[in-house]
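Student: compute the structure for the input listed below.
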Amino acid sequence: KNIESGSEILDICSSWVSHYPLEFPRVMKRISGTGMNKLELIANDQLSDYEPKNLNSDPKLPYNDNSFDVVTCVVSIDYLIHPIEVLKEVRRVLRPGGKVIISQSNRCFPTKAIKMWLSMNDRQHLELINAYFQYAGGFKTREAFDITADGSGAPDPMFIVEAVKA
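Tutor: Sure, this is the predicted structure:
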């Protein structure tokens, strides 16, 4: 809903699934992915292209400046050990006015998440992500959304932080 048809999208920390609506490969101009596992990226049928990359070893994104309209990071910001450097790279590859969409939940692989993430609540996670953007610089005021499903059997909480390149 927040990504216009015909957009060029980069999914960072991608894997075998990008969590996009099923029609995205048909309606988007390009969906690129970068993630640690080449075999998982190959299996991701939503990607038009991919570049295996461990952003914890080297936060530089393997794309040209101003290449994408949108960059997403789905429930993985908590695994990045250099999130500010990664967000600086995200800013570099975004076109002017481009958008970053970061989703996060309180679920994670505790052995992979940064230590402070594990002791924080949902609000503190959102504040931390906001601080990452602040220190990365070059983004307008961020917006946060609670997109947790409604209902008595509702799954885990889910939040989105959006930022636009200044």
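
Student: what about the strands in the protein?
Tutor: Here the chain has its strands, by DSSP state E, at 8-12, 30-35, 49-52, 68-74, 94-105, 143-146, 158-164.

Student: so how far is the fourth one off the chain centroid?
Tutor: Yep, that's strand 68-74 we're talking about. Averaging C-alpha positions (C-alpha atoms, centre = their mean, to the nearest Å) puts strand 68-74 6 Å from its chain's average.

Student: which other helices and strands contact it?
Tutor: Contacts defined by 3 or more C-beta pairs under 8 Å, 6 or more residues apart in numbering; DSSP states H and E place strand 68-74 against strand 8-12, helix 83-93, strand 94-105. The way it works is simple: take the backbone N, C-alpha and C, and place the C-beta from them, glycine included.

Student: change it to 10 Å
Tutor: strand 8-12, strand 30-35, helix 83-93, strand 94-105, strand 158-164 (3 or more C-beta pairs under 10 Å, 6 or more residues apart in numbering; DSSP states H and E).

Student: over to the longest one?
Tutor: In this structure, strand 94-105 makes packing contacts with strand 8-12, strand 68-74, helix 83-93, helix 122-136, strand 143-146, strand 158-164, judged by 3+ C-beta pairs under 10 Å, 6+ apart.

Student: the second one now?
Tutor: For strand 30-35, the packing partners by 3+ C-beta pairs under 10 Å, 6+ apart come out as strand 8-12, helix 38-43, strand 49-52, strand 68-74.

Student: could you dump the ones you listed into JSON lines and include mean neighbour count and distance to F133?
Tutor: Output for the helices and strands packed on strand 30-35, formatted as JSON lines (neighbours: other C-beta atoms under 10 Å; distance: least, C-beta to C-beta, whole Å):
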{"stretch": "strand 8-12", "mean neighbour count": "24", "distance to F133": "14"}
{"stretch": "helix 38-43", "mean neighbour count": "14", "distance to F133": "26"}
{"stretch": "strand 49-52", "mean neighbour count": "15", "distance to F133": "23"}
{"stretch": "strand 68-74", "mean neighbour count": "24", "distance to F133": "12"}
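
Student: any chance of the ones you listed in JSON lines, with mean pLDDT too?
Tutor: As requested, these are exported to JSON lines (pLDDT from 0 to 100):
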{"stretch": "strand 8-12", "mean pLDDT": "97"}
{"stretch": "helix 38-43", "mean pLDDT": "96"}
{"stretch": "strand 49-52", "mean pLDDT": "97"}
{"stretch": "strand 68-74", "mean pLDDT": "96"}
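
Student: so what's the spatially most central residue of the chain bridging to?
Tutor: With distances taken as C-alpha atoms, centre = their mean, C73 lies nearest the centre of the chain, 1.1 Å away. Following DSSP bridges, C73 is listed with bridge partners I12, I102.
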